[in-house]
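Student: with the input below, show me the fold.
(chains A and B)
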Amino acid sequence: MIRHLFKLIWNRKKSNFLLITEMFFSFMVLFAVISFVLYNYHNYKKPLGLNHQNVWQLSFRPNADSVGQAKAIQEQMIQRLKSFPEVEAASLAHNNVPFAFSSWSIDVSYGNKESVETNNYEVQDAYKDVFQLSVDQGRWFGPQDAAALHASVVINQVLKDQLFGEEEALGKQIKGDDSTSYTVVGVMPHYRADSEFAVEEPALFRRINLEKAKPDQLYASLLIKVKPGADVVFEEKMVKDLSRIAKDWTIEVTTLEKMRQSKAKLTWVPMMAMAVVCGFLIFNVALGLFGVLWYNINRRYSEIGLRRALGATTRQIRNQFVGEVLVMATFGLLLGLLLAAQFPLLHVFQLSAEIYWQGIGAAALLIFLLVIVCAVYPSWQAAKIHPAVALHEE
Amino acid sequence: MIQLQDIEKVYRTKTIETVALNRVNLHVERGEFVSIMGPSGCGKSTLLNIMGLLDEPTSGVVSIDGQPVKTHSDKQLAKLRNEKIGFVFQSYHLIHDLSVVDNVELPLLYRNISGGERRKRALAALEKVGLSTRTRHFPSQLSGGQRQRVAIARALAGAPEIILADEPTGNLDSVMGEEIMEILLRLNREEGTTIVMVTHDEHMAHKTNRLIRFFDGQQVADSLVLEAQI
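Tutor: Numbers count the residues shown, from 1 in each chain, chains lettered A, B, ... in the order given. The predicted model follows:
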């Protein structure tokens, strides 16, 4: 019977051409949208490597005569912050804090190997406590690193793999693009600070040593970990106190959770827009498919009567019409598969092949489900046609 | 072979009730070639549909090989139609997108037999109607007579014991009509196939063994053809 259905559809390929083309385009659109969603979902499921809950960012716009004066004021503010019982940890950082719309990358190299572009983070020792970072090889920074010959750095596993491969990284020296040498003292299993939907990129942490900092160096962000329950009242009190220390400075407080949500929107919004457009398209395809099937069945009344006369049961008539649509979908999908398979084979957009294959599978499944849903009612109607009546239709 | 007892068929709408068949009693014996005649709308095709299990009577009993079919399920009726009955229609009812041989294979699709065996039986049926050189053609490439021969081959492919033919020569000129009639007569004579044929053509009807006349849904005459000719 399957061969018969293929033969029937193949012989009717001209009249089914548009329908097959529609299936092909629907498959490609679904494949693209599903692959995009799967890519984001896979990233979302991966660990961030940091805990941003109860972390606040304080951004400063100083109003001081000199950087030196500003640094002194900032130092007083940190001391004041640490004195609040609600504050568990505080660390200065550059603006490229987690979920910020700011990044800083440098090139690092090891030995004669090709250099690797990595995200560069300058943070204080307490940064580990602020984000509850874990270091599974070596250690995080500490005061003992202040006197180190080469500045100590902590890297994430992605950077470790790219620079060292299977080789041990701890104690090794790497070079920055300004030829500065660093000693790797620790490796973190994960650090994904850009967005929950972003792929993990190489990360390198350099220690802020205020005593050795350049005179004109001012860190514009202060990250604090507050105790659970610290609320707006505390925030007001804190800002008020800090404003007394840093008169005429602009101090903005935001939570990392708000920043996370804001960053996530960058992925959510296009994803939802694509899903809505795709859903609308699929709905239209479904309506078209339903109409065409309905029309086909009305056009093939006498054939239905004939098949019943020749021994087809109502179920076989129903299955035949559903089967025909599935065969048409298969033709459309085979065309689509030829194109879609190029994506994993050629590693288009640097996505893993697994995501593309899952996208292909899910899109094919959805197309088959769609055509079955659209075919069930018209096929059921076809099966109900009375053979004696149908045979008199020309 | 086919027995109809007190068959009535009434078509009802909200306002009209039409009696298509009125208390028809008929017994078709194995190996008979029966022709049914009557004016248009007298119930001939309805009778053929009921005999072919394509329609149900309003009342009365239809038996095939002594077995009443009233309680048969859709599946059982389909099996009977597939294995015991072959249909030939005035307008051929060929599927235009299938080749001649694929059309002939159709009734065998609903049986559990291999593709190779289906093809063998279809080719043998086409051989019987003299169309073995047209197997790859499509219906649109054939003349009316050839199309009807394909339809007969399709009816034969399943090796049915009964062929029900609804005006098989109705759309053909006299020469082609004679050709088709010869095939049916040969099948009846040489293979013992029971044939029930509805026709408007007295000439064709007089070539059969038995002639039944209908008028206004009632059987008004039933005679052996030789007697009728006398």
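Student: list the buried residues for stretch A:335-348?
Tutor: Using 16 or more other CB atoms under 10 Å in any protein chain shown as the burial criterion, the residues of stretch A:335-348 that qualify are A:335-337, A:340, A:343-344. All C-beta spots, glycine's among them, are computed from the backbone N, C-alpha and C.
Student: report the residue spans of chain B with pLDDT below the cut-off.
Tutor: In the predicted model of chain B, residues B:226-230 satisfy pLDDT under 70.
Student: tell me, what residue is most central in it?
Tutor: For chain B, the residue whose C-alpha lies nearest the mean C-alpha position (CA atoms, centre = their mean) is B:L164; its distance is 1.4 Å.
Student: pretty sure that residue sits against B:L48.
Tutor: Yes: counting by CB atoms under 8 Å, a contact exists between B:L164 and B:L48, whose distance comes to 5.4 Å.
Student: the helix or strand where A:L338 lies: which residues count as buried?
Tutor: Here A:L338 is covered by helix A:314-340, with elements defined by DSSP states H and E. The neighbour-count criterion (16+ other CB under 10 Å) identifies A:314, A:316-333, A:335-337, A:340 as the buried residues of helix A:314-340.
Student: from what I can see B:D216 touches B:C42, true?
Tutor: Yes: counting by CB under 8 Å, a contact exists between B:D216 and B:C42, whose distance comes to 6.1 Å.
Student: re the thing from before, quick check, nearest of the buried residues of stretch A:335-348 to chain B?
Tutor: Distance to chain B, by CB to the nearest CB, is smallest for A:L335 among the buried residues of stretch A:335-348, at 21.0 Å.
Student: tell me the pLDDT of the closest one.
Tutor: Here the pLDDT value assigned to A:L335 is 94.
Student: what is the neighbour count of B:M1?
Tutor: The local packing of B:M1 (other CB atoms under 10 Å in any protein chain shown) involves 17 other residues.
Student: can you get me a residue count around A:Q57?
Tutor: For A:Q57, the number of neighbouring residues by other CB under 10 Å comes to 22.
Student: repeat for A:I2
Tutor: Here the number of neighbours of A:I2 (other CB under 10 Å) works out to 9.
Student: would you tell me whether the lowest-mean-pLDDT helix or strand in chain A gets close to chain B?
Tutor: Within chain A, judged by mean pLDDT, DSSP states H and E, the helix or strand with the poorest mean is helix A:387-390; its value is a mean of 82. Yes: contact of helix A:387-390 with chain B is found when judged by CB under 8 Å from any CB of the partner chain, involving A:387-388.
Student: helices and strands around that helix, which ones?
Tutor: For helix A:387-390, the elements it packs on are helix A:301-309, judged by 3 or more CB pairs under 8 Å, 6 or more residues apart in numbering or on different chains; DSSP states H and E.
Student: OK, contacts around whatever residue of the stretch 151-300 of chain A ends up closest to chain B?
Tutor: With CB to the nearest CB, the shortest gap between the stretch 151-300 of chain A and chain B falls at A:R300, namely 8.9 Å. When contacts are counted by CB atoms under 8 Å, 6 or more residues apart in numbering or on different chains, A:R300 is found next to A:A382.
Student: any chance of a markdown table for the buried residues of stretch A:335-348, columns distance to chain B?
Tutor: Listed next are these as a markdown table, based on distance: CB to the nearest CB, whole Å:
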| residue | distance to chain B |
| --- | --- |
| A:L335 | 21 |
| A:G336 | 25 |
| A:L337 | 26 |
| A:A340 | 30 |
| A:F343 | 36 |
| A:P344 | 36 |
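Student: how about JSON lines for the residues you listed, with distance to A:Q57 added?
Tutor: Putting these into JSON lines (distance: CB to CB, whole Å) gives the following:
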{"residue": "A:L335", "distance to A:Q57": "51"}
{"residue": "A:G336", "distance to A:Q57": "46"}
{"residue": "A:L337", "distance to A:Q57": "48"}
{"residue": "A:A340", "distance to A:Q57": "42"}
{"residue": "A:F343", "distance to A:Q57": "39"}
{"residue": "A:P344", "distance to A:Q57": "40"}
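Student: which helix or strand contains B:R189?
Tutor: Assigned by DSSP H and E, B:R189 belongs to helix B:174-191.
Student: how many residues are close by the residue lying closest to A:F131 once chain neighbours are set aside?
Tutor: With CB to CB, 6 or more residues apart in numbering or on different chains as the criterion, A:F131 has its nearest non-adjacent residue at 4.0 Å, and that residue is A:L50. With neighbours defined by other CB under 10 Å, the count for A:L50 comes to 22.
Student: host element of the residue in chain B that chain A sits nearest to?
Tutor: Scanning chain B for the residue nearest chain A gives B:N82, at 2.4 Å (criterion: CB to the nearest CB). Counting by DSSP H and E, the secondary-structure element that holds B:N82 is helix B:74-84.
Student: pull the residues that contact that helix.
Tutor: When contacts are taken as CB under 8 Å, 6+ apart, the neighbours of helix B:74-84 outside the stretch itself are A:308-316, B:52-54, B:64-65, B:69, B:72, B:107, B:110-111, B:158, B:160-162.
Student: could you point out which element follows it?
Tutor: Toward the C-terminal end, the helix or strand that comes next after helix B:74-84 (DSSP H and E) is strand B:85-89.
Student: one step back: specify the beta-bridge partners of the residue nearest to the centre of chain B.
Tutor: Here B:L164 shows beta-bridge partners B:F87, B:V196, assigned using DSSP bridges.
Student: any idea how far it lies from A:S379?
Tutor: Using CB to CB, to the nearest Å, one gets 28 Å for the distance from B:L164 to A:S379.
Student: ok, A:V97 - how many residues close by?
Tutor: A:V97 - counted by other CB under 10 Å - has 25 other residues nearby.
Student: I figured it hits A:L223, correct?
Tutor: Yes: here A:V97 reaches A:L223: they are 6.0 Å apart, a contact under CB under 8 Å.
Student: okay, and the common contacts of these two?
Tutor: A:57, A:256.
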